[in-house]
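**Student:** sequence and computational prediction follow.
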Amino acid sequence: GEILDYPQVHYVGVNATKARATADTADNHGFDDERGDYLWVNHDHIAFRYEILGLLGKGSFGIVTKCHDWKTNQLVALKIIRNKKRF
């Protein structure tokens, strides 16, 4: 799996209600909405380092999530750019 591609794993999100990939390539195999925004899930991981704690905002280019960085033990904001070109 993809976890083997990461040299360090800080968080895996075992308690998250994770989305499962679909065979359909539309909307990034089910991980994005129709606008191309990531369909985030509370307590899921990003890059096996960040725990998603909530949504801080949405904008023209994507979303901003509140996360816990398990490597540095700090609260951070991660901007996730939309997966579709707009301009």
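**Tutor:** Thanks, I have it.
**Student:** who's in contact with Thr22?
**Tutor:** His29, Gly30 (C-beta atoms under 8 Å, 6 or more residues apart in numbering). C-beta here means a position set from N, CA and C on the backbone, and glycine is covered the same way.
**Student:** helix, strand or coil for it?
**Tutor:** On the three-state scheme (DSSP: H, G, I helix; E, B strand; the rest coil), Thr22 is labelled coil.
**Student:** quick check: the gap between it and Leu55.
**Tutor:** 23 Å (C-beta to C-beta, to the nearest Å).
**Student:** this protein: helices as residue ranges?
**Tutor:** 27-30 (DSSP state H).
**Student:** and the strands in it?
**Tutor:** 45-46, 50-58, 62-69, 74-81 (DSSP state E).
**Student:** the residue most central in space within the chain: what's it in contact with?
**Tutor:** Residue closest to the average C-alpha location in the chain (C-alpha atoms, centre = their mean): Ile46, at 4.8 Å. Ile46 makes contact with Ile52, Thr65, Cys67, Leu78, Ile80, according to C-beta under 8 Å, 6+ apart.
**Student:** just these now: which is nearest Glu34?
**Tutor:** Proximity of these to Glu34 (C-beta to C-beta) peaks at Ile80, which lies at 15.9 Å.
**Student:** pretty sure the closest one is touching Asp33, no?
**Tutor:** No - the pair Ile80 and Asp33 fails to qualify as a contact (C-beta atoms under 8 Å) at a distance of 11.9 Å.
**Student:** since that was my last question, I'll sign off now.
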